[in-house]
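Engineer: A structural model of the following input is requested.
(2 chains)
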There are 2 protein chains.
Amino acid sequence: MHQIKVSLNNRSYPIIIADDNFEALAKKLVQLRLGTDAVIITNTRVRRLYARELQNALNTLNISAHIFNVPDSEKSKSISEYVKIISKISAMDTKKRLFLIALGGGVVGDLTGFIAATYKRGIPYIQIPTTLLAQVDSAIGGKTALDLPSGKNLIGAFYQPKLVYSNINLIKSLPSRQIRCGLAEVVKYGIIVDTKLFGYIEKNYKKILDLDNSSLGYIINASSLIKAKIVENDERETTGLRTILNFGHTIGHSLETAAGYSNLDHGEAISIGMVCSAEIAHAMGILPADELKRIIKIMKILNLPQEAKKVDIKAVLGAFLRDKKFINGHIRMVLPSRIGHVFVTENIPYNLIKKVIKKRMAPA
Amino acid sequence: MHQIKVSLNNRSYPIIIADDNFEALAKKLVQLRLGTDAVIITNTRVRRLYARELQNALNTLNISAHIFNVPDSEKSKSISEYVKIISKISAMDTKKRLFLIALGGGVVGDLTGFIAATYKRGIPYIQIPTTLLAQVDSAIGGKTALDLPSGKNLIGAFYQPKLVYSNINLIKSLPSRQIRCGLAEVVKYGIIVDTKLFGYIEKNYKKILDLDNSSLGYIINASSLIKAKIVENDERETTGLRTILNFGHTIGHSLETAAGYSNLDHGEAISIGMVCSAEIAHAMGILPADELKRIIKIMKILNLPQEAKKVDIKAVLGAFLRDKKFINGHIRMVLPSRIGHVFVTENIPYNLIKKVIKKRMAPA
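Structural biologist: Below is the predicted model:
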């Protein structure tokens, strides 16, 4: 078991990376004195696998536990789902000390976090991420959000959990595509700040893809540590440090928008975004050829895409130009200078971006 | 002009008590560098009186200003009004540096504050309270909220404004009943912590009711100072200090709930609540008779009610017993020991509360 502290004054909390069981977690919750009554928010798939076991572990230690279910899709991050759950919580909230548990992936985490942030102006919550992507990224850092028809994550709050409990065993039931999508974010951490992590993946990718506990533990721990440090230094995205987490995301999001969030998973889109960004950096003379090769190769060995097919390239470029990453008319992107180091630049020729996108995306 | 600083580390902000015009405010906003594009959220009555003038003052200093209107009632604190306004804001939010202005009373302030707290995880906002109640109380302290059908203020966040601009001239168009309701909260500050303020009202009540600028300035300044100090020491209602602000509110809220928020204004309900609380304290031997007399007398001279008529007393007692101010089965209330000093106690005989409520409330 690893434990990492996210240091944010009176909002500090531990990240526990474990391969134990919910009994150990329940004991930790008693220690933390979060409350006597838990509301577990989860989705249909995860509920079937883990919710009852978690409920039992809590009950054994005299913590009551209600389970509320949401659909297993981005649609759960809606205002209507939010109001439905808040109303249910308020109906059962009589003389209780409530706290929330997000048991699921990024969608459940975002929704639960926003409920915790805004129910009676804030109640405690913890994150139990059940996808690799959530364990290494979205469960850490207190970003919570809902979608509106006019845009994703338009509503939200920065609101830190009291604990992130990342249990390696919980991700073993995931389809391999979801594992690989989580690995895309791990590769991102390697490129932006951690040469050693990148090298570890190059060397141990087979064990990782075989879901070997110690290899998974290593990459989850290393990733969580990086995310924790960045959040500590830029909790509310005001200092600019958190920007480097957007490596691969500017082009990745444009691709997702153009693809209508359907064909490509987030991890696949940012894999292509990272490859494009690396090629832009190489063409600008910033990233050496051998480093670019390593980046392309790691996508290959992890079976992550390096290019997109059947794409409306005009739509991608349109989404790219509408993106909020524009600062005073300049295109702001995060580019790598070597593996383990990126920087933010606003001086990228648009023609170069267009050329690389056209190279890496094939029309329908 | 008075200026008070609310000291909350990187969330600190000034309260300005002024009788100048919106040009001075616009200059202050330029100084504060909040953004280049303002969204003014206001209600129908206030819009007609002040919104255009504010818009012009901002435009003169190159700050664009959209005006969004909400109905002039508690209904504006609904999820549907919230989503409507957020959607409008997101539709106009292209490459802008937005900030919000709450131009109105407590309802507009609560709604605007919650939008600011949650749109894109937080954007800046300022409060321009246009009622006495909002100037001395709700605009200060960062409490924001929406109502749900199942309860008032069930959704919300602690989110501090960047400026509270209390202009005395803005409250002069208020009906006298609303002025008196605001004065109830000023009287409350006197009873809980400020003998001098209480004495000032006793001596100057005629000038206050005549809306004399220097008298209004005195009481708004004194009240804002008290609220600011309490908020500084208990920003998120965790230390218990903010509890003393509930003086008169436990019984007052019960009365409001029983009256269905219709016959009684908030200020009137808490006036009766304060009289009841003072009588309970006196009956318990805590508050001397002459102090009780002064409290009852000040309500009389301000034309604030000391008792309620046509009340369903059973409903009041029922609401009182359901109130969240119960701690482990004990009834927690804020009681005065003298004018300028209150304390929180949990040892109040229920029979005494019942007796005082029955004395001060007449059935239909």
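
Engineer: tell me the contacts of residue A:194?
Structural biologist: Applying Cβ atoms under 8 Å, 6 or more residues apart in numbering or on different chains, we find residue A:194 in contact with A:222, A:226, A:340. C-beta coordinates here come from the backbone N, C-alpha and C atoms, glycine included.

Engineer: phi and psi next, for it.
Structural biologist: phi -140, psi 90 (degrees, to the nearest 10).

Engineer: residue A:166 versus that one, what's the distance?
Structural biologist: Between residue A:194 and residue A:166 the distance is 18 Å, computed by Cβ to Cβ, to the nearest Å.

Engineer: can you check residue A:76 too?
Structural biologist: Distance of residue A:76 to residue A:166, given as Cβ to Cβ: 21 Å.

Engineer: tell me where chain A has helices.
Structural biologist: A:22-32, A:44-46, A:52-60, A:79-92, A:106-118, A:132-133, A:176-193, A:195-209, A:213-233, A:249-258, A:266-283, A:289-301, A:313-322, A:350-360 (DSSP state H).

Engineer: now for residue A:53, how many residues are close by?
Structural biologist: 12 (other Cβ atoms under 10 Å in any protein chain shown).

Engineer: OK, contacts around it?
Structural biologist: The contact partners of residue A:53, by Cβ under 8 Å, 6+ apart, come to A:21-22.

Engineer: check the one 10 residues further on too.
Structural biologist: If a contact means Cβ under 8 Å, 6+ apart, then residue A:63 has A:26, A:29-30, A:35-38 as its contacts.

Engineer: closest one to chain B out of the residues you listed, please.
Structural biologist: Each of the contacts of residue A:63 was checked against chain B using Cβ to the nearest Cβ; the closest is residue A:36, at 12.5 Å.

Engineer: shouldn't the closest one be in contact with residue A:96?
Structural biologist: Yes: here residue A:36 reaches residue A:96: they are 6.7 Å apart, a contact under Cβ atoms under 8 Å.

Engineer: spell out which residues are contacts of both of those two.
Structural biologist: With Cβ under 8 Å, 6+ apart as the test, residue A:36 and residue A:96 both reach residue A:64.

Engineer: let me know the pLDDT of residue A:328.
Structural biologist: Residue A:328 is assigned 58 on the pLDDT scale.

Engineer: over to residue A:158?
Structural biologist: 97.

Engineer: just residue A:263 next, same as before
Structural biologist: At residue A:263, pLDDT is 78.

Engineer: same deal with residue A:318?
Structural biologist: 86.

Engineer: for chain B, see how far away it is.
Structural biologist: Noted for residue A:318: a distance of 14 Å to chain B, by Cβ to the nearest Cβ, to the nearest Å.

Engineer: for the residue nearest to that residue when sequence neighbours are not counted, give me its contacts.
Structural biologist: Nearest non-adjacent residue to residue A:318, counting by Cβ to Cβ, 6 or more residues apart in numbering or on different chains: residue A:258, 7.6 Å away. Applying Cβ under 8 Å, 6+ apart, we find residue A:258 in contact with A:311-312, A:315-316, A:318-319.

Engineer: mind listing what residue A:42 touches?
Structural biologist: Counting by Cβ under 8 Å, 6+ apart, residue A:42 touches A:50-51, A:67-70, A:102-104, A:108.

Engineer: again but with residue A:35, I slipped
Structural biologist: A:63, A:96-99, A:123-124.

Engineer: 6 Å - rerun?
Structural biologist: Contacts for residue A:35 were tallied using Cβ atoms under 6 Å, 6 or more residues apart in numbering or on different chains; they are A:97-99.

Engineer: show me where pLDDT drops low in the stretch 51-200 of chain A?
Structural biologist: Along the stretch 51-200 of chain A, the parts satisfying pLDDT under 70 run over A:95.

Engineer: need the max-distance pair from the contacts of residue A:258.
Structural biologist: Between any two of the contacts of residue A:258, the greatest separation by Cβ to Cβ is 12.1 Å, found for A:311 and A:318.

Engineer: tell me which of these two has more neighbours.
Structural biologist: Counted by other Cβ under 10 Å, residue A:311 and residue A:318 do not tie: residue A:311 has more neighbours, with 21 against 14.

Engineer: separation between that one and residue A:251?
Structural biologist: Residue A:311 is 12 Å from residue A:251, where distance means Cβ to Cβ.

Engineer: could you do residue A:354 as well?
Structural biologist: Distance of residue A:354 to residue A:251, computed by Cβ to Cβ: 11 Å.

Engineer: neighbour-wise, which of the two wins?
Structural biologist: With neighbours defined as other Cβ under 10 Å, residue A:354 and residue A:251 compare such that residue A:251 has more, 27 against 14.

Engineer: tell me the pLDDT at the more buried one?
Structural biologist: Reported pLDDT for residue A:251: 93.

Engineer: I figured it hits residue A:276, correct?
Structural biologist: Yes: counting by Cβ atoms under 6 Å, residue A:251 touches residue A:276, with 4.8 Å between them.

Engineer: what's the closest non-adjacent residue to the residue in the stretch 1-150 of chain A that chain B sits nearest to?
Structural biologist: Going by Cβ to the nearest Cβ, chain B is nearest to residue A:121 of the stretch 1-150 of chain A, at 4.3 Å. In this structure, residue A:121 finds its nearest non-sequential neighbour in residue B:156, 4.3 Å apart by Cβ to Cβ, 6+ apart.
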